[in-house]
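**Student:** using only what follows, build the 3D model:
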Amino acid sequence: MNKQERAPALPLTLSLKARNEKSSLAAQEDFSNLYQTYVNPVFRYLYSRVNSAEDAEDLTSLTFLQAYRSFSTLRDQSRFAPWLFIIARNKLNDFYRQRENNTTLNSEITAGSMPELSEVFELDERIKQLRTQIFALPEEEQELIRLRYLGELTYREIAVTLGKTEQSVKKSIYRLLARLKSQME
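**Tutor:** The predicted model follows:
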């Protein structure tokens with residue numbers, strides 16, 4: 001009797017599984033059709049709100065991804081459009097919240113630590129001027145600068161590299177920097 005009681009359970013399980021797979025396929029097909037119907041209207045709606053095709057595309061993707069994940073919870077497919085646009089609006093609100101947080105952070109950085117455009121331009125000009133002066137130096141002096149500031153070698157390491165004493169390297173670099181500084185002023 002135990003074998004007979006268990007025997008019908010297997011086909012019943014298979015038929016329920018097959019029915020669930022069929023309904024799952026049907027749900028995917030339904031969602032695919034709804035996607036085709038609503039993807040452009042959702043995109044246009046979001047684009048009108050964010051004025052950026054790239055952001056609207058991202059938000060549209062997020063909207064449909066959320067809708068796909070939650071599609072099984074939708075009880076009445078005739079209410080798909082309002083439900084979808086609620087999701088789109090929620091994604092839009094998330095977008096603005098994230099943007100507001102980034103804007104706040106950016107404005108704090110800008111207000112607190114970012115130099116003015118004129119300062120950046122002036123600094124750029126001074127860097128160009130310094131670069132020109134360095135390239136005008138004799139090769140031996142350029143090498144001192146390269147080893148010290150690009151190679152980040154100590155005075156002792158530079159002295160060993162160039163076969164000089166540490167004191168002569170220090171003096172040469174100090175004099176060189178003083179000369180460059182006076183030329184920059």
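
**Student:** show me the protein divided up by domain.
**Tutor:** Domain assignment for the chain by automatic domain parsing gives 2-112, 117-184.

**Student:** between those, which gets the lowest average pLDDT?
**Tutor:** The weakest mean pLDDT among the domains of the chain belongs to domain 2-112, with a mean of 74.

**Student:** one step back: can you add mean neighbour count and give the domains of the chain back as a markdown table?
**Tutor:** The way it works is simple: take the backbone N, C-alpha and C, and place the C-beta from them, glycine included. A markdown table is the format used below for those (neighbours: other CB atoms under 10 Å):
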| stretch | mean neighbour count |
| --- | --- |
| domain 2-112 | 13 |
| domain 117-184 | 13 |
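
**Student:** helices of this structure, start to end?
**Tutor:** Secondary structure of the chain (DSSP state H): helices at 2-6, 9-50, 53-70, 80-112, 117-136, 139-145, 155-162, 166-184.

**Student:** output stretch 29-41 as CSV, restricted to C-alpha atoms.
**Tutor:** C-alpha atoms of stretch 29-41 as CSV (Å, rounded to 0.1, in the frame of the first residue of the first chain):
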residue,chain,number,x,y,z
GLU,A,29,5.9,36.1,-22.7
ASP,A,30,3.3,38.4,-21.2
PHE,A,31,6.1,40.6,-19.7
SER,A,32,7.9,40.6,-23.0
ASN,A,33,4.8,41.9,-24.7
LEU,A,34,4.2,44.5,-22.1
TYR,A,35,7.9,45.6,-22.3
GLN,A,36,7.6,46.1,-26.0
THR,A,37,4.4,48.2,-25.5
TYR,A,38,5.7,50.4,-22.7
VAL,A,39,9.5,50.7,-23.1
ASN,A,40,9.2,53.8,-25.3
PRO,A,41,6.6,55.6,-23.2
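
**Student:** ok, and the closest non-adjacent residue to Leu162?
**Tutor:** Val169 (6.9 Å; CB to CB, 6 or more residues apart in numbering).

**Student:** measure Ser52 to Leu92 for me?
**Tutor:** Computed as CB to CB, to the nearest Å, the Ser52 to Leu92 distance reads 12 Å.

**Student:** ok, now Gln142?
**Tutor:** To Leu92, Gln142 is 57 Å away according to CB to CB.

**Student:** also Phe64?
**Tutor:** Using CB to CB, Phe64 is found at 14 Å from Leu92.

**Student:** tell me who's in contact with the residue nearest to Gln66 when sequence neighbours are not counted.
**Tutor:** Of all residues not flanking Gln66 in the chain, Ile87 sits nearest, at 5.1 Å (CB to CB, 6+ apart). The neighbourhood of Ile87, defined by CB atoms under 8 Å, 6 or more residues apart in numbering, consists of 63, 66-67, 70.

**Student:** need those residues in TSV with distance to Ile134, can you?
**Tutor:** Compiled in TSV, the contacts of Ile87 are given as follows (distance: CB to CB, whole Å):
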residue	distance to Ile134
Thr63	56
Gln66	57
Ala67	61
Ser70	63
